[in-house]
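Peer 1: Return a 3D structure for these sequence lines:
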Amino acid sequence: MNKNKLELLAPDQALPGRDEVMPVHNQHYVNNRQIKGPFPGSMQQVVFGLGCFWGAERLFWQLPGVYVTAVGYAGGVTKNPSYNEACSGLTGHAEVVQVVFDPAEISFNELLKIFWESHDPTQGMGQGNDRGTQYRSVIFTDDEDQLKVALLSRAVYQEQLDGHGGDSITTQIGEAPVFYYAEQDHQQYLAKNPGGYCGLRGTGVRYVI
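Peer 2: Coordinates of the predicted model:
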C-alpha cells in the first residue's frame, strides 16, 4: 500500500499491471447500448473524474444527448488495473467516467457545467470523505478543441468561485490517456444498487456559460 495515498507516485514506483484487459459485458445496464463501441460516427467522447465513479456515471447517463457511459481508470501508469489496485494509490489512476455524447443534442460546454457544479474541484486528492489520488478531479479531452474549451471553462469557473470566496481549482486537464474499463460490478453500479453510496457534493456556485 502507498503510505501516503494523497500524493501521486513516480512512474517507476507504480504497479506493473497486466496485459489482460478487464472482462466486461459490452452492454450498458440502463440503455442497452454498447459501452465499448463502435459508436456512431457523429458521437464525441470525453472522460471526467469527480470523485467516486458510481455517482459520477449516473449523473451523466441521465442527461439527454448522452449516448452511453462507462466507468474506468485513467491518468495513471499501471496497465489494466483492478479496483483494489487503483484504490491502493499505487497505480496513479483516477476513477473516471467515459461519456459518449451527441454534440447535436448536448454541447461540450453543457457537460462541463454539470461537471463543475456537481463536485468540489478545489479539494485536491479527494472528494468529501473520500480521500486518495483516485478521487482527484480530472478532465481528459478527446481533441484540441475540447482541450481549449475545458481550459477556458476552468478559468471561468475559478473567477466565479473567487467571487464567492472559494479556493483554487485543482482539476487536472489534459488530452485523454488510455481508458481502462473497470470491473463489471462497477459499471452502472447505482442502477443495479439504487441505494448505493454516492458522495457527490457541489460547491453551490453555478458555472455560468
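
Peer 1: The spatially most central residue of the chain pairs with what?
Peer 2: The chain has Gly49 as the residue nearest its centroid, 2.3 Å off, counting by Cα atoms, centre = their mean. Counting by DSSP bridges, Gly49 is bridged to Val138.

Peer 1: mind checking pLDDT for it?
Peer 2: Gly49 is assigned a pLDDT of 98 by the prediction.

Peer 1: For it, which residues are in contact?
Peer 2: Applying Cβ atoms under 8 Å, 6 or more residues apart in numbering to Gly49 gives the contacts 56, 74-75, 94-97, 135-140. Any C-beta I mention is one placed from the backbone N, CA and C, and that applies to glycine too.

Peer 1: 6 Å instead, please
Peer 2: Shown in contact with Gly49 (Cβ atoms under 6 Å, 6 or more residues apart in numbering): 94, 96, 138.

Peer 1: now Glu183
Peer 2: Tyr83.

Peer 1: any idea how far it lies from Tyr73?
Peer 2: As for Glu183, its distance to Tyr73 is 10 Å (criterion: Cβ to Cβ, to the nearest Å).

Peer 1: What of Lys5?
Peer 2: Taking Cβ to Cβ, one finds Lys5 at 15 Å from Tyr73.

Peer 1: More neighbours: these two, which one.
Peer 2: Shown here are Lys5 and Tyr73; by other Cβ atoms under 10 Å, Tyr73 has more neighbours (28 against 19).
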